Every structure is written in C-alpha cells, then in structure tokens.
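1. Got a predicted structure plus its sequence, pasted below:
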4 protein chains.
Amino acid sequence: MSRQADKRTAILRATLKLIAEHGFHGAPTSMIAERAGVGVGTIYRYFRDKEELIHTLYEELEARHRAFVMQGYEENGPIRDRFYHLCRNIYRYLLANPLEFRFLEQYFDSPYGVAKMRQKLESAGEPFHALLKEGKQQGIVKDLPTLLLFGLIFGPMINVIKDHDSGLLPLNDVLVDQVIRATWDAIQR
Amino acid sequence: MSRQADKRTAILRATLKLIAEHGFHGAPTSMIAERAGVGVGTIYRYFRDKEELIHTLYEELEARHRAFVMQGYEENGPIRDRFYHLCRNIYRYLLANPLEFRFLEQYFDSPYGVAKMRQKLESAGEPFHALLKEGKQQGIVKDLPTLLLFGLIFGPMINVIKDHDSGLLPLNDVLVDQVIRATWDAIQR
Amino acid sequence: MSRQADKRTAILRATLKLIAEHGFHGAPTSMIAERAGVGVGTIYRYFRDKEELIHTLYEELEARHRAFVMQGYEENGPIRDRFYHLCRNIYRYLLANPLEFRFLEQYFDSPYGVAKMRQKLESAGEPFHALLKEGKQQGIVKDLPTLLLFGLIFGPMINVIKDHDSGLLPLNDVLVDQVIRATWDAIQR
Amino acid sequence: MSRQADKRTAILRATLKLIAEHGFHGAPTSMIAERAGVGVGTIYRYFRDKEELIHTLYEELEARHRAFVMQGYEENGPIRDRFYHLCRNIYRYLLANPLEFRFLEQYFDSPYGVAKMRQKLESAGEPFHALLKEGKQQGIVKDLPTLLLFGLIFGPMINVIKDHDSGLLPLNDVLVDQVIRATWDAIQR
DNA sequence: AATGAATGAGCTTTCATTCAT
DNA sequence: CATGAATGAAAGCTCATTCAT
C-alpha cells in the first residue's frame, strides 16, 4: 500500500474514532489531523471538505459491513434461515465493531445521512429487500409495507446494541438469538 | 397570559422548531431570539444558559406527552389492553406533533439526554415498566430483560414514525394498529 | 432620614462593598441593585449612570475620610507634630475601613480616578500641601517638589496597608509609628 | 527572525501598548489583533487564552527588566552602593519604558498579578531581599519587617514614576538620585 | 505532495441602560 | 417615584478552510 493510501486510511480511521467517541462536535479537523499523524492541510488533499470526508467514511464502512454480512449467504435458502443469517451477522458485526456502530448511529441521525439511509434501504441490492418481498409473497411474512418491516427489524437492533455498548444490557449469543426470534415473531404472519 | 409568559413560550417554541428542523447546530441563540421575536439577552432572563433552555424544553414536552398518553389508562386492566392503549396514544401523540418527535429524537441522541432517557425508562413511574413486569410474571410476555423488551417496542416506533414524518411511509390508524400488533407479537410469549 | 436617602445610601453602600470585594468587574449594576434591595432602574434615578455613581461614592468617602483625618488638627502646631497627626489618622482610618481602602485603591488605579487624585493632591485645601510648603521654608523638610514628597509619604502608606489587609504584614500601633517615623526620615532634611 | 516570531511579538507588543494605554478593559482580543495586524484567531495559536497571553507578556517583561537591573551588580559590595545601584537601574529602566511600567502597575493591581508579586518579592533570587537582610544584620538598615521596607522603597518609586509619566513631575538624574537618597534615609538606621 | 500558520465568521454569554407599567 | 423585563453591543473563543512554503 502506498504512502498515500496510508495517509488516507489514517485520516479515515481517526475520523471514525473521534466521531464515534465524541460526536461530530468532538471531531474538529485539527484533531483528526493530529490523531492521523498528518497535517491539517493534508485532509483537504484527499477530501474536498469535511462533509465529503464523512460521507466517504460512511461508504467505506458500509461496504465492509455488507461484505461481512453477506458471507455465506444463501440467496435461495429458506426465508427463515436467510433472515436469521442476515440478522446474526449484523448483530455480530456491530457488536464486534462498536466504534462503527456509534459512527453509523450519529451519521444516520444527522442531516448528513438521512438521505443515504433511505437510498440504502430501498436499493434492490439490499438483501433484506428481496427476502421480505419473497416472504410476503409466500405468505410467511406479514403483508406490511417493506419500510415498516424494516422498522420492526432494525429498530430493536439499534436500541439493543446501543444499550449493550453503554453497558446497560450486556448481550451474549443466547440473548441475541432471542431478540432475533422476537423480531421474527414480529414480522411473521 | 402575561407578556412575560409570552416571551418565555415564544423562546421555547422557537427552540423546538429550530432544533427539530435543523438540529442543535442549526439553532444558535441568535436565531432562536430572532424567531422568537425577542432580543438575544432575553433568552438569558428566562434560562440560565442554552443547556438549561434545552432541558427545560424537554421537561415541558415530556410532561405534555405523558399527560396525553396516560389519558384514560386503566392501571388494572388486562395486560394486552393496557399495552395497546399506551402504544396507540404514543403513536397518536407523536404523529400529531412531528416537531416534538424530531426534537425528542435529537435530544435523546445527544449528550444532553442520554442520562434522562435511562432515568425515564427505569423510573417506577414509567407505565410500561410495571406493565412488562406483570406480563412476564403472568407468563404472557417473553421472559427477557426489560430493556430488551423496551427495544422491541420503542425501536420500531421510532423508525416507523421517522419514516412517516419524512413522507416515505404515510401512516394511518390501520397501519399503526398493525405495527402495534406486530410489536405485541414480538414481546408476547 | 427619608426613604429616598435610604435608597441612595443603600446603593452607595452596596457599590462600595462589591467593588472593594470583587473589583469593578464584580460589581454589575444588577448585583448592586440586588444587594441594595432596590430595583435596577432605581440606581438610575439617583445617578445618571454607573460612572457618576462611582464618582459620587468616591466623593462621599473622601469627605468622610478627610473629616476624620482633620479631627483635632492644629493648623499652627509644629511641623513634625502635624505630620504625625495627619499620618496617624490616615493610617488609623484606612486600617479601620479596609473596604474603603480597597475601593480607593481601585478607584485611583482606574481611568476613573487618576484625574481626581491629582486634583486632590494639588488642592490648596489638602493639609499636607501647606505642611510641606512650610516645612520646606523652615528648612525642616527636604527641598524637593511637593509631588515627590507626596510620593515619599503616600507610597509607603498604600503598600503597607495593602500588605496588612492581605494578611501578609499585620500592623499594630508600634509598627505604624515606625513607618511614620521612617517616612519622616525620608522627607526630613 | 521568522514570520512566526514576528506575529507572536506583534501580538505581545500590541497587548502591552493597549493595556498600558487603556487598561485591561481597553484591550479586547479583537483590538489586540487589529493593532498587531493579525486575525483574532492567530492570538490563540500562540497563547491558550487571553490570560496566558497576559502572563506571558508579564514574564517576558520581567525577565528583560531584571536583566537590565542586574547589569554590573556587585553582590558583595557595600550595602549602600548596592542599594543605589539597584534603585538607579530600576528607575532608569522604568522611566525609559513607560509602557512597561504602566502595564506592570496594572498587572500587579489585578487579580492576575497579586500572587506573582508576593512570590517575586519573597523569592530568594530577589536581590533586595538579601540586601535588606544583610543591612539589618549589620545594623545599617532599620530592624523592620522586610515587607515594610519594601513598601518604603517601592511605594515612593511607583508614585514618583507615575507622576513623571503623567507629566506632572518631570524627573531627571538629579531628582532621581534625591528620591533614592530620601528612600535610603527612610530605611537607614 | 504535504504542511500548518493564518484567518474571520460565528458561537455563547454578560451587562449598562431604557422605558412601559 | 420605583420597578425589572427587555435589549443588543461587545466580549472571549473555536474551527473549517486556504495558501505560501
């Protein structure tokens, strides 16, 4: 990897850490540069402005996240198995990467990311999209708007992981499976 | 209502609106004052500082919200009925007051409000708390940590209302009842 | 004494106390009003603005101070006796009224009071003025500019009292007499 | 000298000038920046906050002042000679640098500098300290508390220079020697 | 390519003063 | 006469962005 890529990566990493730990407020460019071990000006060689830096960071995290989640995914398996697979992997990934989770949370709740969120959920590439559609057709999943089903799946997920990361609700594999089960109960016909 | 109360109210209203619409960033004191039709200094006659203004706003909204939600609540009714009652009222209130919803969302996701959130959820006064405890004892509700059950209830709620307010998922009474039903399925044994 | 005079006096007293204890910075009009038990606006009924309030306070303190100092002063007594009399009384007064001393210090060191200081020292009414003039004529006091002699007298006085008030150099009658003696040595031929 | 040092120096100089001429009140950061020919933000690159700027300014002036005063000082010379040497140099320095004198005056009379003052006067490095101690031991100097002797020396000095700077008492070498003589008479046994 | 010194708009907060009651 | 709510100019300080090196 070139020196260039090193700096770029260092900047992205520093941004992730600072925003995750201290919010957007706690991540001035000067601090990002310092933590990344580069000059402030350097940030602007790799990213047009702070906004672009943040969007780029999101895109890269998203890609990594998706790659992990899709590992071993059987596109043609039974609905319920695929649902469990996806959910388990998401929980696993987010619990293993609390910094990324904190960042994503902030990102989606900020003016930066609301548009991105929608776009993502509605994209055909989104595996849950196909899953739920099929499930509804097969009469396994409740016949509700997809966005509503998304809410039933991701809503609990976000809350529960937040509580885990803040130490209030320590999760383990059993508990995670129980939430997924409950989520399935929610969307299942 | 006195002139005084007018100004205080105007400031709170302006704050609600600006934070709901543009986030904490988009609500500098100068703009709050302008929107409220008062001088900047006036804000500081009614609130020690910006932080107190925001906390006060939260407290007032919270009180109004709770009063609405508890209307006609039968503390000794059947679990399921009480669950529906609370959920329906919360949905109704938040859908009727999108500004308040946006504000509360921001508030709880900010360093301002995380503590408040916990405190609130764990308080004995929180009607859901008693409800879920009873439900678990009676074997009607899944035997999961209360915080986890909260996640299953409020997670979908937040997501779904957010989507409604952004125009992506127009809700109506039928749809709301369907989400509540799904939520019940999630927590029910 | 009328109600009016009461308020005026209360305002002046509060001003003295606050400025002496916390400096000009620590004496906003709102706090003066509060301590005086009057409304803020009331201050402006008795004094054109804050500046006038402070100047008036100075004038009143000055008059009281002078009255005390001149008690029992023999205008035609021997130079040395008159010198001791004046010095002793000034020390006595300022040590007994630390608040006034603190205020006067601040006053003279601020843009408010430099002019007043000069004016006072040069005024014919100033008893030291006549004293030193005579002393010089009689060949008892060094033939130096009066202002310089003032410096030799008041300079040590201010320093020594400041140190006393701050607890670093506790004074007593003996010590005070020794300073006066030293001051006399300084100006004596 | 580098650009950097230029700006730092310009800021310090502007601060000195403004505080000397208009007091702490008359030296807002905006005005300091303007007078220094830099942006406001630049001040904060060199100094953490305004307080640090002022303390630093003091330290630098103090160092320069001390270096000047100690030139040619014979630590083992006769008490009287050393006394004259120190006094003459202090007068010379302060008369040649009226801005610094005004600044130091304000500094010591403000909450910023009272502690510094004490610390300085009591430090073993303070040459007057040793001088007076010795003088007392040898029976040349009056047996009075050192702080009181300091008052007798610095009190007149401050007053007299103040009067000189304000144009009321133009000093020259002869006059200065006469004050020092008078000061010596004050502390001498 | 990389730097970081320099910038100034914009933030929150204070306070002397006014004026309707 | 007396009040204190209302005001806004001005304070100290931060930070995204630029640009000479």
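-> Yep, it's here.

2. For chain A, what lies in contact range of chain B?
-> Counting by CB under 8 Å from any CB of the partner chain, the residues of chain A close to chain B are A:23, A:105-106, A:109-111, A:114, A:118, A:142, A:144-145, A:147-148, A:150-152, A:154-160, A:163, A:166, A:168-169, A:175, A:178-179, A:182-183, A:185-188. All C-beta spots, glycine's among them, are computed from the backbone N, C-alpha and C.

3. does A:Leu86 really touch A:Leu131, like I thought?
-> Yes - look at A:Leu86 against A:Leu131 with CB atoms under 8 Å: they come within range, at 7.1 Å.

4. circling back: going through the residues of chain A next to chain B, which ones are buried?
-> With burial judged by 16 or more other CB atoms under 10 Å in any protein chain shown, the buried subset of the residues of chain A next to chain B is A:23, A:105-106, A:109-110, A:142, A:144-145, A:147-148, A:150-152, A:154-160, A:163, A:169, A:175, A:178-179, A:182-183, A:185-188.

5. In chain A, which residue sits nearest chain D?
-> Residue nearest to chain D within chain A: A:Ser30 (10.7 Å; CB to the nearest CB).

6. Contact partners for that residue?
-> Contact analysis of A:Ser30 by CB atoms under 8 Å, 6 or more residues apart in numbering or on different chains lists A:Val40.

7. just to revisit the earlier point, among the residues of chain A next to chain B, which are located in helices?
-> Here DSSP state H is the test, and the residues of chain A next to chain B give A:105-106, A:109, A:114, A:118, A:147-148, A:150-152, A:154-160, A:163, A:175, A:178-179, A:182-183, A:185-187 as lying in helices.

8. If you drop the residues flanking it in sequence, what lies closest to A:Leu99?
-> Leaving out its chain neighbours, the residue that sits closest to A:Leu99 by CB to CB, 6 or more residues apart in numbering or on different chains is A:Ala20, at 4.2 Å.

9. what's the answer for A:Lys50, then?
-> Closest to A:Lys50 by CB to CB, 6+ apart is A:Thr29, at 6.1 Å.

10. Now for chain A, the helix or strand with the poorest mean pLDDT.
-> helix A:114-122 (a mean of 67; mean pLDDT, DSSP states H and E).

11. To what extent is the residue of chain A found nearest DNA strand E buried, counted in neighbours?
-> DNA strand E sits closest to A:Gly41 of chain A, with a gap of 1.7 Å, by CB to the nearest atom of the strand. Using other CB atoms under 10 Å in any protein chain shown, A:Gly41 is surrounded by 9 other residues.

12. Can you give me every residue that contacts the nearest residue to A:Leu168 once chain neighbours are set aside?
-> Closest residue to A:Leu168 apart from its sequence neighbours, by CB to CB, 6+ apart: B:Leu147 at 6.0 Å. Neighbour list for B:Leu147: A:Val160, A:Asp163, A:Leu168, A:Leu169, B:Leu121 [criterion: CB under 8 Å, 6+ apart].

13. wait, doesn't the first one sit right on B:Leu149?
-> Spelled out, that is A:Val160. No - using CB under 8 Å, A:Val160 makes no contact with B:Leu149, being 10.0 Å away.

14. ok, A:Leu61 - contacts?
-> Applying CB under 8 Å, 6+ apart, the residues near A:Leu61 are A:Leu16, A:Glu100, A:Phe103, A:Leu104.

15. The helix or strand containing the residue of chain A closest to DNA strand E packs against which elements?
-> Assessed by DSSP states H and E, A:Gly41 sits inside helix A:40-46. For helix A:40-46, the contact count by 3 or more CB pairs under 8 Å, 6 or more residues apart in numbering or on different chains; DSSP states H and E identifies helix A:3-22, helix A:29-36, helix A:50-70 as packing neighbours.

16. JSON lines please, covering these and showing mean pLDDT.
-> Listed next are these as JSON lines, based on pLDDT from 0 to 100:
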{"stretch": "helix A:3-22", "mean pLDDT": "92"}
{"stretch": "helix A:29-36", "mean pLDDT": "97"}
{"stretch": "helix A:50-70", "mean pLDDT": "94"}
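
17. which stretch among these comes nearest D:Ala5?
-> Proximity to D:Ala5 (CB to CB) singles out helix A:29-36 among the helices and strands packed on helix A:40-46, at 22.0 Å.

18. list the buried ones in that closest one?
-> Here helix A:29-36 shows A:Thr29, A:Ile32, A:Ala33, A:Arg35, A:Ala36 as buried, counting by 16+ other CB under 10 Å.

19. just the angle between that helix and helix A:3-22, please?
-> Relative orientation of helix A:29-36 versus helix A:3-22 (axes from the mean of the first three to the mean of the last three CA atoms, to 10 degrees): 120 degrees.
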